[in-house]
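Q: Let me see the structure of the following:
(one chain, ligands or ions: 1)
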Amino acid sequence: MKRNATLLLTIIIALAFTLSGAASAEAATDGQADVVIIGAGGAGMAAAIQAADAGASVILLEKMDYAGGNFIRSEGGMNAAGTVFQKALGIEDTPQAMVDDTMKGGKNISDIELVNFMAQNSSDTIDWLTGLGMDMSEPAQGAGASYPRMHRSAGGAKIGGVLVPVLMENLEKRGITILYGTKAVSLIKDGAAITGVIAQDKTGDELTFKGNSIIIATGGFGASEEQFAKYRPDLAGFSTTNHPGATGDGIVMAQDVGAAVVDMEQIQTNPTVEPTTRIVLSETVRGNGAIMVNVEGNRFIAEMLTRDVLSAAILEQPEKYAWLIFDQRVMDSMAALQQDDRMGIVSRGETPEALAEAISVPGEALRASIEGWNAAVAGNSDPLGRETGMMDLSTGPWYAIKVSPAVHYTMGGIKIDTQTQVISTEGEIIPGLYAAGETTGGVHGANRLGGNAVADAMVFGKRAGEVASEYALQLGHMELVVPDGGEISPLAEGNYTDGEYIATAPGRNGAIELRIVVYGGNITQIEVLSHSETQAIFQAVERDLIPGVIASQSTDVDIISGATMSSDAVLAAIDSVLS
Ligand code: ADP
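A: Model (predicted):
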């Protein structure tokens, strides 16, 4: 209900300005704000909150029917050094150690100034998030980190599922409008400066937004095989952990107005992705003691090495996948694993042999791997050279999850400075244009450390909001105008149980499998994992029916004529998990 009140207020304000003629004199302008932000993922939402708190009017354009982007899928946590939470636990981390780890992890090609800025501001950003109502109290060990600095909520739930609802609540409190189903397609240039955005609503109609500052926060391009294979032909055919909206739009828009890009060929595969559901198993599982074995039941690599090394090592194994092995202690310590267990991706055995049987690996070998690991922990000396996450796996029952690498994060992107100003191919600042988050390049170099994506999006998202609002307000305040007849509505409110669900129902030609994500009581994502329907018919279900369910938070939507069986199957599958 609160959301509806906000919506009504926004409409009234918009109407008032439209009627009083206060909107832009240019008739073609459908909306305006001091700061127009493209993309309502982590970086965009952080920027919006900060810009609104600095007194700017803000509009967020989001092409999908839900907010959160890839950010909602973040598993581990946010890296930060020297925080109150680390100090309380006696962890003597420093921003310099975070800089050193990030540079080393990124093979020393990162932009040192950006890395410095992120590390120096990470602790303050944790305080800022705490002030917004986020619990960041539990620092965990990440791969490639000298200290436990991956901050997450007590109990270790997946961070995206906790942080996105907190950011959305804060948008709502400030009355910030998100225009869902509104896809930015190009930037408007006036002389050297960027002064607006051309977008399309769901019907394909063009909308024009004027803003003194434009922030690109559209995320990476890990969901576009066309794009990632263009920069890295060796990754053609790889699956992805990314949400379908991660298609690099902002990078292309920025290049069209002369922006420079950096490190585009630096694409990270995550080594531990469950292949059927594409759920990412955070490295904090390994940080807690988990090991990996191949189909022969043998360990093959020090499991806390960087993601690129682990991905390559798994692809060298006979079946190109591995089993992540852990025990009851690890399971008990991580709410995220308990969520995964409810998703049905975890195998279990009362003894190592029973687990081995469940996953079809040789029992003796698996027992030897677990016992060998426990001995390595006891003697603090691992034959494979692992040095962190040294915790034994001696509390049965034991568990296994199948993992293989998938495209996970695109490290390259738009070139920015520490003020998030976009830099042109000539090395000049492009006035009025800012960028933050995965759409930018330079922070992670050749390899991103786990926990640094959230740090990047939060530190630079907040920074973009700060700098862009200051610049915009210097040029003069723009009253908020939202487009008349545009898609103004934030999501309707659902009342469902949070979690990630896999649902199946029989369609015309076979099973349709969906992945449904519920956060903060709302259905935030419905992804078709597999189907055998005729694509030409099914695409209307994906394009119209599924977004309709998300927008209305209900399966009481019009079915697609000509695709009745497919529509009914999808709605039945969704109903089966919502009930
Ligand atoms: P980050 O973590 O950097 O914030 P995310 O992937 O979490 O990146 O968020 C990026 C958001 O931008 C997603 O919600 C995505 O749907 C949105 N987006 C991508 N391209 C466009 C576009 N052309 N117009 C509007 N929103 C976009």
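
Q: Tell me which residue of the stretch 251-400 of the chain lies closest to the ligand.
A: Met253 (7.2 Å; C-beta to the nearest ligand atom). The C-beta positions use only the backbone N, C-alpha and C, and glycine is treated the same way.

Q: Look up the closest residue to that residue, ignoring the ones flanking it.
A: Nearest non-adjacent residue to Met253, counting by C-beta to C-beta, 6 or more residues apart in numbering: Leu187, 5.4 Å away.

Q: Which secondary structure element is home to that neighbour?
A: Element membership of Leu187 [criterion: DSSP states H and E] is strand 183-190.

Q: now do Thr284
A: helix 283-287.

Q: quick one: the helix or strand following that helix to chain centroid distance?
A: Sequence order places strand 291-293 as the next helix or strand after helix 283-287, per DSSP H and E. Chain-centre distance of strand 291-293: 26 Å, with C-alpha atoms, centre = their mean, to the nearest Å.

Q: just stretch 89-106 next, same as before
A: On the basis of C-alpha atoms, centre = their mean, stretch 89-106 sits 23 Å off its chain's mean C-alpha point.

Q: Extract the CA atoms of stretch 109-124 and return them as PDB.
A: These are the backbone C-alpha positions of stretch 109-124, laid out as PDB (Å, rounded to 0.1, in the frame of the first residue of the first chain):
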ATOM      1  CA  ILE A 109      46.300  -4.400 -14.600                       C
ATOM      2  CA  SER A 110      43.500  -2.600 -12.600                       C
ATOM      3  CA  ASP A 111      43.400   1.100 -12.400                       C
ATOM      4  CA  ILE A 112      45.100   1.700  -9.100                       C
ATOM      5  CA  GLU A 113      43.300   5.000  -8.400                       C
ATOM      6  CA  LEU A 114      39.900   3.300  -8.700                       C
ATOM      7  CA  VAL A 115      41.000   0.400  -6.500                       C
ATOM      8  CA  ASN A 116      42.400   2.800  -3.900                       C
ATOM      9  CA  PHE A 117      39.200   4.800  -3.900                       C
ATOM     10  CA  MET A 118      37.100   1.700  -3.400                       C
ATOM     11  CA  ALA A 119      39.200   0.400  -0.600                       C
ATOM     12  CA  GLN A 120      39.600   3.700   1.200                       C
ATOM     13  CA  ASN A 121      35.800   4.300   1.100                       C
ATOM     14  CA  SER A 122      34.700   0.700   1.700                       C
ATOM     15  CA  SER A 123      34.400   1.000   5.500                       C
ATOM     16  CA  ASP A 124      32.400   4.200   5.300                       C
END
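
Q: Need the residues that contact that stretch.
A: Defining contact as C-beta atoms under 8 Å, 6 or more residues apart in numbering, one finds that stretch 109-124 is touched by 78-84, 95-96, 98-99, 102-103, 106, 262-263, 266, 416-418, 442-446, 452, 455-456, 459-460, 463.

Q: Next, the buried residues of the helix or strand encompassing the residue of the stretch 251-400 of the chain closest to the ligand.
A: Per DSSP H and E, Met253 falls inside helix 249-256. Of all the residues in helix 249-256, those buried under the rule 16 or more other C-beta atoms under 10 Å are Asp249, Gly250, Ile251, Val252, Met253, Ala254.
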